[in-house]
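*Asks:* When you get a sec, could you give me coordinates for this:
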Amino acid sequence: MINMASPGVQANEVDLSYQVRAEGGVSGAFVGAFQWGPVEEIVPVSGGTEGLLQKFFRPNDDTAIYWLSVRDYLLYNDSALVVRLVGDAAVNAVPATKVPVLIKNEDHFETVTTTDVSFYARFPGALGNAIDIEAADSEGFATWDYANEFTYAPGANEFNVVVVDRTGAFSGTAGTVLERYELMTKTVGAKKTDGTSAYVKDVINRSSRYVWMGDLAAFTFTVGVFATSLQGGVDDNVLTTHVTGWNKFSNPATSDIWEMVAVNQADTDIDTLLTIAEGRGDCVGFFSPPLAAVVNNIGNESTDVIEYRAVTTNKNSSYLMMDDNWKMVYDEFNDVYRWIPLAPTNAGLHAQVVKSPQPWQSHGGYTRGRVKNIVKLA
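*Replies:* All right, here's what the predicted structure looks like:
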């Protein structure tokens with residue numbers, strides 16, 4: 001160490017490369033079709049299978065490729081950011097005689113005219129057709145079918161509310177009570193004795209995972225009971241493009257991502273991935289060739305994969321990474337085996353390395369490149 005007799009600058013070179021680490025909490029981005037959940041909104045998902053179920057419900061034939069791809073990525077990284085998209089025909093379920101409408105998310109709900117409609121399914125899709133909403137006030141509570149679901153009976157100007165899975169679509173058991181709201185009122189600003197809100201519209205719209213409450217004037221009681229069944233919800237999970245969803249990730253100030261993972265992509269999606277990745281400068285787009293290039297295409301796989309890379313996409317950039325394969329995985333929710341692209345695996349392996357003490361290394365190889373959750377490769 002140098003001892004200076006007067007003020008000065010002392011330079012020291014210290015090698016800290018052995019302790020370099022990427023920032024935590026950064027995710028991979030996905031866009032796709034799901035049975036349930038907000039639309040055109042970035043939704044954080046963590047906790048693997050359970051976290052994905054909580055946010056987007058289970059996969060079906062139309063949505064499995066997206067659902068299973070996100071889960072595959074979550075085997076390697078602890079979080080993903082997901083945008084759900086729907087087709088033009090999708091609508092939310094509403095009470096009988098009312099006209100179903102599309103409500104994409106909370107911001108969109110604020111723009112919807114709710115006159116004379118008491119409740120809407122929280123999200124678009126046929127799942128909303130399984131929902132019943134019932135309520136009982138002090139007059140009807142004693143003989144109400146759901147009275148035993150509550151600790152306290154409502155007093156004057158109070159009522160209790162249940163959201164019920166009428167068909168078992170959500171819970172697996174018809175008649176399951178999904179949500180309970182105790183000692184509610186129609187009075188704006190009303191509070192319970194514990195200080196929490198008792199104003200039914202605020203409570204339900206802030207906390208329900210299944211319904212929006214619309215017009216309070218349509219929420220009326222007959223002999224002390226309100227009851228309605230939702231219907232008219234329609235799925236539309238056929239996506240011709242994912243660009244609207246990818247554009248949600250264009251601003252790095254609103255989403256921290258390492259990877260953007262294209263699944264079941266259209267050709268225009270690759271253009272969008274590249275534009276966003278190069279514009280942000282902090283992430284990489286991952287994609288695979290089409291399924292038809294590698295499955296049931298014996299003898300032509302290499303030729304078709306190379307053509308897809310060199311002719312169809314024809315992109316040369318350090319901000320895109322294409323692999324050449326798909327893998328078969330087991331869908332336990334539908335008891336079938338399904339093909340999914342290798343891009344989520346590739347992106348997940350990349351995330352593991354970026355989080356490691358040596359983020360400059362390749363995510364390939366016998367140690368860092370181990371593929372999980374696989375029955376076989378195409």
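
*Asks:* so how far is Phe226 from the closest residue in space to Glu158 that isn't next to it in sequence?
*Replies:* Spatially, and ignoring its direct neighbours in sequence, Glu158 is nearest to Leu183 (5.1 Å; Cβ to Cβ, 6 or more residues apart in numbering). C-beta here means a position set from N, CA and C on the backbone, and glycine is covered the same way. Per Cβ to Cβ, to the nearest Å, Leu183 is found 15 Å from Phe226.

*Asks:* which regions of this structure lie under the pLDDT threshold?
*Replies:* Residue ranges of the chain with pLDDT under 70: 1-25.

*Asks:* got the residue ranges for the helices in it?
*Replies:* Under the criterion DSSP state H, the chain contains helices at 48-56, 64-74, 106-109, 200-207, 243-246, 267-280, 291-294, 301-307, 343-354.

*Asks:* Tabulate those in JSON lines, adding columns for distance to Tyr120 and mean neighbour count.
*Replies:* What follows is the helices of the chain, written out as JSON lines (distance: least, Cβ to Cβ, whole Å; neighbours: other Cβ atoms under 10 Å):
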{"stretch": "helix 48-56", "distance to Tyr120": "19", "mean neighbour count": "17"}
{"stretch": "helix 64-74", "distance to Tyr120": "24", "mean neighbour count": "24"}
{"stretch": "helix 106-109", "distance to Tyr120": "8", "mean neighbour count": "14"}
{"stretch": "helix 200-207", "distance to Tyr120": "10", "mean neighbour count": "16"}
{"stretch": "helix 243-246", "distance to Tyr120": "22", "mean neighbour count": "20"}
{"stretch": "helix 267-280", "distance to Tyr120": "31", "mean neighbour count": "19"}
{"stretch": "helix 291-294", "distance to Tyr120": "36", "mean neighbour count": "18"}
{"stretch": "helix 301-307", "distance to Tyr120": "45", "mean neighbour count": "15"}
{"stretch": "helix 343-354", "distance to Tyr120": "33", "mean neighbour count": "25"}
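
*Asks:* Tell me which of those helices sits nearest to Glu179.
*Replies:* Checking those against Glu179 by Cβ to Cβ gives helix 200-207 as the closest, at 8.1 Å.

*Asks:* by contact count, what packs against that closest one?
*Replies:* strand 159-165, strand 176-184, strand 211-213 (3 or more Cβ pairs under 8 Å, 6 or more residues apart in numbering; DSSP states H and E).

*Asks:* Just the CA coordinates for it, please, in CSV.
*Replies:* The C-alpha trace of helix 200-207 is given here as CSV (Å, rounded to 0.1, in the frame of the first residue of the first chain):
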residue,chain,number,x,y,z
VAL,A,200,-69.5,-5.8,-1.9
LYS,A,201,-68.5,-4.4,-5.3
ASP,A,202,-65.1,-3.3,-4.2
VAL,A,203,-64.4,-6.5,-2.3
ILE,A,204,-65.4,-8.9,-5.2
ASN,A,205,-63.7,-6.8,-7.9
ARG,A,206,-60.5,-6.5,-6.0
SER,A,207,-60.2,-10.1,-4.8
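
*Asks:* how's this structure carved up into domains?
*Replies:* 22-87+237-377, 94-231 (automatic domain parsing).

*Asks:* For the shortest one, what is the spacing between the initial and final residues?
*Replies:* Meaning domain 94-231. Across its full length, domain 94-231 reaches 5 Å between end residues, using Cα to Cα, to the nearest Å.

*Asks:* coming back round to it: pipe the helices of the chain into TSV and attach distance to Tyr146 per row.
*Replies:* Shown next, in TSV, are the helices of the chain (distance: least, Cβ to Cβ, whole Å):
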stretch	distance to Tyr146
helix 48-56	24
helix 64-74	32
helix 106-109	26
helix 200-207	16
helix 243-246	39
helix 267-280	47
helix 291-294	47
helix 301-307	57
helix 343-354	42
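
*Asks:* Tell me which of those lies nearest to Thr167.
*Replies:* Nearest to Thr167, of the helices of the chain and by Cβ to Cβ, is helix 48-56 at 18.3 Å.

*Asks:* Just the CA coordinates for that closest one, please, in CSV.
*Replies:* Only the C-alpha atoms of helix 48-56 are listed here, as CSV (Å, rounded to 0.1, in the frame of the first residue of the first chain):
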residue,chain,number,x,y,z
GLY,A,48,-43.8,-24.5,-11.3
THR,A,49,-47.0,-26.5,-12.0
GLU,A,50,-49.0,-25.2,-9.1
GLY,A,51,-48.2,-21.6,-9.9
LEU,A,52,-49.2,-22.1,-13.5
LEU,A,53,-52.4,-23.8,-12.5
GLN,A,54,-53.3,-20.9,-10.2
LYS,A,55,-52.8,-18.3,-12.9
PHE,A,56,-54.0,-20.1,-16.1
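
*Asks:* Between helix 64-74 and that helix, find me the angle.
*Replies:* Relative orientation of helix 48-56 versus helix 64-74 (axes from the mean of the first three to the mean of the last three Cα atoms, to 10 degrees): 130 degrees.

*Asks:* contacts for helix 48-56?
*Replies:* Applying Cβ atoms under 8 Å, 6 or more residues apart in numbering, the contact partners of helix 48-56 are 34-37, 43, 45, 47, 67, 70-71, 74-75, 82, 84.

*Asks:* which among these end up buried?
*Replies:* Among the contacts of helix 48-56, those classed as buried by 16 or more other Cβ atoms under 10 Å are 34-37, 43, 45, 67, 70-71, 74-75, 82, 84.

*Asks:* Looking at those residues, which is nearest Leu342?
*Replies:* Leu342 has its nearest neighbour among the buried ones among the contacts of helix 48-56 in Leu75, at 13.1 Å by Cβ to Cβ.

*Asks:* next one: phi and psi at the spatially closest residue to the closest one that is not a sequence neighbour?
*Replies:* Excluding the flanking residues, the one nearest Leu75 by Cβ to Cβ, 6+ apart is Lys372, at 4.9 Å. Main-chain torsions, Lys372, degrees, to the nearest 10: phi -100, psi 170.
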